[in-house]
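> My questions are about this predicted structure, shown below with the sequence.
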Amino acid sequence: MTPRLPPYSLPRYEYRKPPELAGSVPGEYPVAIAGAGLAGLTAALELGSRGIRTVLLDEDDTVGASGLSSRGICYAKRSLEIFDRFGIAERVRGKGVTWNDGEVYRGTERMYRFNLQAENDQKFPAFVNLQQFYVEEYLVARLQQTPAVDLRWKSKVVDVADGVVLKVETPDGAYDLRCRYLLACDGAHSAVRERIGMRDEQSELLESVWCIADVRMAGATDVVRRSYLDNPLNEGGAIWYHQMADGVWRTDWLITHYPDRDAEATPERAAARLRKLLGADAQFELIWVGPYRFRKRYLERMRAGPVFFLGDAAAQHSPFGARGGNRAIQDANNLGWKLALVLQGKAHADLLETYHEERHPAARECVEHATRSAVFIGPESAGQRLVRDAILDLAQRHAWARAWVNTGRLSVACVYGQSPLNIERGRFLFTTARPGAAAPDGRFGSGYLVEALGSDFKVAYFGERAEPDALLIRKGDPLWARYGVPDEGATYVFRPDGHVLARCTGIDGAFARGAMQRVLDYRVQA
Ligand SMILES: Cc1cc2nc3c(=O)[nH]c(=O)nc-3n(C[C@H](O)[C@H](O)[C@H](O)COP(=O)(O)OP(=O)(O)OC[C@H]3O[C@@H](n4cnc5c(N)ncnc54)[C@H](O)[C@@H]3O)c2cc1C
C-alpha cells in the first residue's frame with residue numbers, strides 16, 4: 001500500500017555525466033561501492049578518509065530509501081563514536097533527541113523504567129534519535145569534502161561480471177566500471193547479491209504486521225522511549241512511542257490481529273488510534289503513515305572473492321533493538337581499515353577474510369536478538385504467548401524477572417570474541433575490555449579515550465611510563481578499573497576501528513609491536 005500523505009521533503013543531489021561516458025577512460029578503481037545508504041556512505045568515508053580512491057554509486061539522487069521515507073531513527077553510542085571520527089557525531093546529536101531512559105508498560109500499567117547508560121563519563125549517550133535521512137544527509141555533506149571519493153547519483157548497478165566489472169545505468173546511458181574490490185551496500189533487495197547468486201543461511205518472512213505513524217506534536221518534550229505491550233487502545237496490540245527531531249514522534253502499532261490490516265495502515269485509522277492514545281483534544285499532524293513487515297535473513301558468507309556484503313544486503317531483521325542501521329555502520333567500520341591497509345600494500349590480502357569471520361557472527365547475533373524481541377512483543381503462536389505472559393506476570397511481581405522482558409535488546413557494539421586477530425596474555429580483572437570488544441570509553445586528559453584512539457593502531461600503557469605516540473594511563477585513573485587492570489599495570493593495543501586487539505599484563509612494547517605486526521602479516525590457516 002502506498003501512503004497517502006506527502007513524504008518528508010528530501011534534498012536532491014546533482015547528477016553529473018560520468019567520465020566513462022564523457023570520453024575519458026579512468027581505468028580500474030581500487031574500490032567501487034554499490035549503494036549510498038548508511039552502509040555505503042560510512043564505508044566511503046572510512047576509505048576516503050584514508051586516501052583510498054573510491055567510487056560510490058547510487059541509483060537515486062536523494063537520501064532515505066526510495067518509497068519508504070520513514071525508517072531508522074535510533075543511533076547507538078557505538079555509531080556515534082564511529083561518526084565522531086568524521087566530525088558528524090555532534091551534528092547528529094545537535095539535531096536529534098538524546099535518550100538513555102525507557103519505560104515498559106503492560107496494557108496501560110507501567111511495569112518499570114530502565115536506564116541504558118549507568119556511567120556518566122562517556123562522550124556519547126546510549127542513543128540519539130534522528131530520522132535516518134538526516135544522518136545520511138550529514139554523511140553525504142562530509143563525503144562532498146572528501147576528494148578521494150567520487151559520489152555518483154542516478155547510477156544504478158544492473159550487472160556484475162567476474163565480481164569486479166559493473167554495468168552501471170545512468171540518464172546518459174550505460175557504461176562498464178572496473179574495480180579491484182566491490183562493496184555491495186545496495187540494501188535488502190541487493191542486485192549485486194542476486195547477480196552473484198549468494199545464498200542465505202536463513203530466510204523467513206515473519207507474520208507480524210506493523211503500522212508506522214510519524215506524528216508532529218507541538219510542545220511535547222518527553223524523551224523517554226515507551227513500549228506498551230497488549231495495549232487496549234490498540235485492541236490488545238503493542239505500541240511503540242518515541243521522539244525524533246523537529247517535534248516528530250515515531251509511533252509503531254502492531255496490527256497483525258486486525259481482520260483488515262491494509263485498512264488499519266491508512267492515515268484515517270492511524271489518526272483515530274492516536275486520538276485514543278493522546279486524548280481527543282490532542283493537536284497533531286501526521287507526517288508519514290505506512291505498514292511494514294520484516295524478514296529475518298542473513299547470508300551464508302559475507303564475502304565472495306573481491307565482493308563484500310554490508311548492511312541490509314548482508315542481513316535483515318526486525319527493527320526491535322535498533323540494530324539494522326547501527327549494524328550497517330559497524331560493517332563499514334570493520335571493513336574500511338582492513339581494505340585500506342591491503343590496498344596500501346601494508347597488509348596481506350588474507351586480512352580481508354577476517355571481515356567475514358568477525359561480521360558474520362555479528363549479523364547472526366543481530367538477527368537472533370531482533371527475532372526474539374519481535375516474537376516477545378507480538379507472539380505468533382499460543383505457545384509463545386503463554387511463555388511471554390508468564391514472564392510478564394513474574395516481572396510485575398519481581399524486579400529480577402525484568403531481565404527476561406524482551407522489548408528489544410538495544411544495539412551495542414558487537415564483540416569479536418572469536419576473532420583470529422585477538423591476543424591476550426595474563427590475568428585481567430574483568431572481561432569488559434577483552435580483545436575483540438569495542439574500547440570502553442571514559443575521561444582521558446581534557447577529553448575522552450575514544451577521541452584519543454584516532455583512526456590508526458594505538459597502544460595504551462596502564463603504568464608510569466609510555467613510549468612516544470602511546471597513551472599513558474596512570475594508576476588511580478578510573479580507566480584502570482574499567483579496563484580490569486591488575487596492580488602490575490597493563491599494555492593494551494587498539495585496532496584502527498577502535499576495538500581492542502590485544503592486551504597483556506605489565507608494560508611490554510615488544511608485545512604491542514608484535515600484535516600489530518601479526519595483523520599486517522595475517523594469513524588464513526589452511
Ligand atoms: C521501520 C523501520 C525502522 C527502523 N529503525 C531502525 C533504527 O531505529 N535504528 C537502526 O539502526 N536501524 C533501523 N532500521 C533499519 C535500517 O533502516 C536499515 O538497516 C538501514 O537502512 C540499512 O542500511 P543499508 O545502507 O544497508 O541499506 P539501505 O539504507 O537500504 O541503502 C541502500 C542504498 O542502495 C541504493 N541502491 C539499491 N539498489 C541499487 C543499485 N542496483 N545500484 C545502485 N544503488 C542501489 C539505494 O538507493 C539506497 O540508497 C529500521 C528499518 C525500518 C524499516
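Looks like it came in fine. Numbering: from 1, shown residues only.
> residues from the stretch 251-400 of the chain in reach of the ligand?
By Cβ under 6 Å from any ligand atom, the part of the stretch 251-400 of the chain that sits against the ligand consists of 292, 311-313, 319, 322-326, 328. The way it works is simple: take the backbone N, C-alpha and C, and place the C-beta from them, glycine included.
> ok, Gly484 - how many residues close by?
Per other Cβ atoms under 10 Å, the neighbour tally for Gly484 reads 18.
> can you check the one 4 residues further on too?
Using other Cβ under 10 Å, Glu488 is surrounded by 11 other residues.
> Also Glu169?
Counted with other Cβ under 10 Å, residues neighbouring Glu169 total 16.
> Does it touch Asp159 like I think?
No: between Glu169 and Asp159 there is no contact under Cβ atoms under 8 Å: 9.3 Å.
> Name the residue closest to the centre of the chain, please.
The centroid of the chain falls nearest to Asn326 when counting by Cα atoms, centre = their mean (1.0 Å).
> list the helices and strands the host helix or strand of that residue packs on?
Here Asn326, judged by DSSP states H and E, is contained in helix 324-343. Of the remaining helices and strands, those touching helix 324-343 by 3 or more Cβ pairs under 8 Å, 6 or more residues apart in numbering; DSSP states H and E are strand 29-34, helix 38-48, strand 74-76, helix 77-84, strand 173-184, helix 353-377.
> Give me whichever of the ones you listed is most buried.
Ranked by mean neighbour count, the helices and strands packed on helix 324-343 are led by helix 38-48 with a mean of 29 (mean count of other Cβ atoms under 10 Å).
> can you give me the angle that helix makes with strand 173-184?
Interaxial angle, helix 38-48 versus strand 173-184 (axes from the mean of the first three to the mean of the last three Cα atoms, to 10 degrees): 80 degrees.
> Tell me where the stretch 351-500 of the chain has helices.
Remark: helices assigned in the stretch 351-500 of the chain by DSSP state H, counting those that start in this stretch are 353-377, 382-397, 449-453, 478-482.
> What is the first one packed up against?
With contacts defined as 3+ Cβ pairs under 8 Å, 6+ apart, the packing partners of helix 353-377 are strand 295-299, strand 303-304, strand 315-316, helix 324-343, helix 382-397.
> what mean pLDDT would you report for it?
For helix 353-377, mean pLDDT rounds to 91.
> So what angle separates the directions of it and strand 295-299?
Orientation of helix 353-377 against strand 295-299 (the same axes, to 10 degrees) gives an angle of 160 degrees.
> Could you find the closest non-adjacent residue to the residue in the stretch 101-250 of the chain that the ligand sits nearest to?
In the stretch 101-250 of the chain, the residue found nearest to the ligand is Gly187; the distance is 2.9 Å by Cβ to the nearest ligand atom. Distances taken as Cβ to Cβ, 6 or more residues apart in numbering put Asp312 closest to Gly187, at 4.7 Å, once the chain neighbours are dropped.
> try Ala238
Counting by Cβ to Cβ, 6+ apart, Ala238 lies nearest to Leu254, which is 4.3 Å off, once chain neighbours are set aside.
> Verify the stated contact: the one you found with Asp230.
No: between Leu254 and Asp230 there is no contact under Cβ under 8 Å: 9.5 Å.
> which residues do those two both contact?
Here Leu254 and Asp230 have 237-238 as joint contacts, going by Cβ atoms under 8 Å, 6 or more residues apart in numbering.
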